[in-house]
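what's the 3D shape of this:
(chains A, B, C, D, E and F)
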4 protein chains.
Amino acid sequence: MPRERREQQILDVAGGVFARAGYHSASMDEIAESAGVSKPMLYAYFGSKEGLYLAYIKRAGGELLDRLVSARAGDASASALLRARITEFLSFVEEHGDGWRVLFGEVVSTRPFAENVAALREQIAGAICRMIEAGAGSWPGYPPPASDAIAHALVGAGESLANWWLDHPEVTRDEVAGLYYAVVQAVLAGPSRAFA
Amino acid sequence: MPRERREQQILDVAGGVFARAGYHSASMDEIAESAGVSKPMLYAYFGSKEGLYLAYIKRAGGELLDRLVSARAGDASASALLRARITEFLSFVEEHGDGWRVLFGEVVSTRPFAENVAALREQIAGAICRMIEAGAGSWPGYPPPASDAIAHALVGAGESLANWWLDHPEVTRDEVAGLYYAVVQAVLAGPSRAFA
Amino acid sequence: MPRERREQQILDVAGGVFARAGYHSASMDEIAESAGVSKPMLYAYFGSKEGLYLAYIKRAGGELLDRLVSARAGDASASALLRARITEFLSFVEEHGDGWRVLFGEVVSTRPFAENVAALREQIAGAICRMIEAGAGSWPGYPPPASDAIAHALVGAGESLANWWLDHPEVTRDEVAGLYYAVVQAVLAGPSRAFA
Amino acid sequence: MPRERREQQILDVAGGVFARAGYHSASMDEIAESAGVSKPMLYAYFGSKEGLYLAYIKRAGGELLDRLVSARAGDASASALLRARITEFLSFVEEHGDGWRVLFGEVVSTRPFAENVAALREQIAGAICRMIEAGAGSWPGYPPPASDAIAHALVGAGESLANWWLDHPEVTRDEVAGLYYAVVQAVLAGPSRAFA
DNA sequence: GATGAATGAGCGTTCATTCAT
DNA sequence: CATGAATGAACGCTCATTCAT
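Modelled structure (predicted):
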């Protein structure tokens, strides 16, 4: 079997083990056995346990970003694009539960893990931040980094909502998307309205 | 020294170690040494490493809940109470960085840790949920568990905002509180406004 | 059992294993089992395999040096002292075969092993070097480092002779001592005699 | 490329790796890569790592012996022959540093390595032994195996001197040869002179 | 003949946990 | 009550060695 295929197959299996057991409790022995390869293959391909984990979160994170970036809406309006991105995000959660859980359900606070996940979060938050700032001063009277903070709050709301969804599978993806979309719109609309 | 005091001292030290190194990387050796007790004492008092960790997150979570519950506002309005609670929440983050980091900065996805933190989150979300429902049908047209989902989204937003704050210590607590308050109010105001 | 005694006991056993199998082929498992302790004890006491090995060569080297330094002769003449030292040296080889083999029979060329053994050899060679130079210019017409080189040659001769002795146990210690003494004296007497 | 040439090339490379890293630390991967062949080739040609190492020390030892045997002096006197052999010996050290280091700088005490190097040493010592005995009873009053022991001492002196030389490259080959020659002559002259 | 792919077996090391005192 | 001493069990990692092609 060619190396590239094997690597992908190993990553699939490793993601499942990492998602279930967490980084530390996952053992290379178990991953190797589950993947149907020997341990030395894991090391030949990924160098170390850390390397394997990083390869997995990079692949999963890359796919999530790709989905967000390549989301296309029916019309070109900003809100339609936002809706399309939210749908892509939730599709990722739905289809790649392992990837989601590893990326956002387990925060391994050691570097370079935390750094990689944090970088991903920053990228998403940055995109939201630009959406806020493109909204023409919706948050007047707040200090400069407010939009950054708000963006992170929205990212956290989305993560939390996705995790809530995993515990409530009877709710459909579109319903969750609608809720998240409403939350984001409400927040993007700015605080003034809350006091109107 | 009475046992109760010893236990509290040990928990203080253990929290610091857990916050810095994470659950898995923290070693009982290090905790025992830092606390100035012998390892058998740790086991006599807490039974196991897991028991020690659970004791710590229970104490920290209990204190956070206590603060939220006992928050009192100048006047009796719901919004004043919300504001007071947000301030309490951020005070906890500020004063008990270790506790906060262990509770919400490091998610150990293994049971029974995840369960305990999730239960804490549920309690806070439940309170928010009641606030939403007390808000007189602000989210009409959404399926029944919507308010629960929204509550979790707001909790996640708060967690994320607090973690963002830890990375931006130049921002004052009141500024963060203002932002979070605005976000919560905007969301509680319901989705209709976003389309007004 | 107190720690100090255990350490010595472990070193005794480890020396035997290192002498028989060599550094690389010796396994910590085997040493632990032979010493009747568990592997974690080895690490608690010596830190690592390298640490254990270093501790052993330091103890063995130190004892050899002690013997050489504290050798006392019947009368105070230089030749009597030399003879006493040679006897001490061969007694060490006889009584501490393991130590001898580890020190001089297996050269592990990796640092810091090589450095430690080389330092021991240097100390012995330095003493011999001083004997040569105290011999009042016995090696005239040779370049400056000659006495250093000759000293190393004599050390090598002694090592080789000792190893030869280990293969010829029927020869007595005093006979070997006599031979080595004669060799050293012949060389110390200087090259001129050879051409006399 | 014919097999014979390939083998020689591989041995050249392997010698360099063995000399630098030592037997145990040298990896077949590194040797294969450095030699530009695949690992299965190494095994096809030499059977095993041990086989490769043995092949190398046999080739190096054979070349050293060849040089010693074929050394020719200007005149036919024993001392001129001795001098020529010493020169050949040191030329080998100078020109084949790898071979020298593998043969005498790293003593792998495990069989069958030690045996092979010991056999080489025996052959050289045997030649010296015959020189001693041809010297007409220079060592009277010493037990029968004395000349054998002395021969080994001289071999050890030569090894040690050569290793010393490697650490003092500023000394010329002829100077070292002169020293070694003087040492050998002094010893061959017998012990009686020392007491003259 | 030659190699990319694969592995069995073992090693050094760690750590939560428990006696004997 | 308190601890110094000790360990069982497992883990990450490596390497000489061998097939299948």
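
the helices in chain A, which residues?
A:3-21, A:28-35, A:39-46, A:49-70, A:78-95, A:97-100, A:113-134, A:146-167, A:173-188 (DSSP state H).

Convert the C-alpha atoms of the lowest-mean-pLDDT helix or strand in chain A to CSV, please.
None of the helices or strands of chain A scores lower by mean pLDDT, DSSP states H and E than helix A:113-134, at a mean of 84. C-alpha atoms of helix A:113-134 as CSV (Å, rounded to 0.1, in the frame of the first residue of the first chain):
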residue,chain,number,x,y,z
PHE,A,113,-0.7,21.8,20.7
ALA,A,114,-2.3,24.8,22.3
GLU,A,115,-0.5,27.0,19.8
ASN,A,116,-1.9,25.2,16.8
VAL,A,117,-5.5,25.1,18.0
ALA,A,118,-5.2,28.7,19.2
ALA,A,119,-3.9,29.7,15.8
LEU,A,120,-6.9,28.1,14.2
ARG,A,121,-9.3,29.9,16.5
GLU,A,122,-7.5,33.1,15.8
GLN,A,123,-8.0,32.7,12.1
ILE,A,124,-11.7,32.2,12.5
ALA,A,125,-12.1,34.9,15.1
GLY,A,126,-10.1,37.2,12.7
ALA,A,127,-12.7,36.6,10.0
ILE,A,128,-15.5,37.4,12.3
CYS,A,129,-13.7,40.4,13.5
ARG,A,130,-13.5,41.8,10.0
MET,A,131,-17.2,41.1,9.6
ILE,A,132,-17.9,43.2,12.7
GLU,A,133,-15.7,46.0,11.6
ALA,A,134,-17.2,45.9,8.2
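
can you tell me how far the residue in chain A positioned nearest to DNA strand F sits from A:G47?
Of all residues in chain A, the one sitting closest to DNA strand F is A:P40 (3.1 Å; C-beta to the nearest atom of the strand). Bear in mind the C-beta positions are built from the backbone N, C-alpha and C, glycine included. A:P40 sits 12 Å away from A:G47, going by C-beta to C-beta, to the nearest Å.

the more surrounded of the two?
A:G47 (12 against 9; other C-beta atoms under 10 Å in any protein chain shown).

And the pLDDT at the more buried one?
Looking at A:G47, its pLDDT reads 94.

and what of the one 4 residues further on?
A:G51 carries a pLDDT value of 95.

same check, this time on A:G105
Per-residue confidence at A:G105 stands at 83 (pLDDT).

pretty sure it contacts A:R20?
No: with contact defined as C-beta atoms under 8 Å, A:G105 does not count as touching A:R20 (10.6 Å).

So these two - more neighbours on which side?
A:G105 (18 against 15).

From chain D, how far out is that one?
39 Å (C-beta to the nearest C-beta, to the nearest Å).

Then A:V176?
According to C-beta to the nearest C-beta, A:V176 stands 51 Å off from chain D.

Neighbours of that residue, how many?
Neighbour count of A:V176, defined by other C-beta under 10 Å: 26.

Quick check: it touching A:D167?
No: contact criterion C-beta under 8 Å: A:V176 and A:D167 do not qualify, at 11.8 Å.

any residues touching stretch A:156-163, and which ones?
Contact partners of stretch A:156-163, identified using C-beta atoms under 8 Å, 6 or more residues apart in numbering or on different chains, comprise A:86, A:89-90, A:93, A:100, A:104-105, A:176, A:179-180, A:183-184, B:149, B:152-161, B:163.

From the chain's centroid, how far away is it?
Offset of stretch A:156-163 from its chain centre (C-alpha atoms, centre = their mean, to the nearest Å): 10 Å.

what do you get for stretch A:49-57?
On C-alpha atoms, centre = their mean, the centre of stretch A:49-57 falls 16 Å from that of its chain.

what about that stretch, near DNA strand E?
No: on the criterion C-beta under 7 Å from any atom of the strand, stretch A:49-57 is out of touch with DNA strand E, staying 12.0 Å away.
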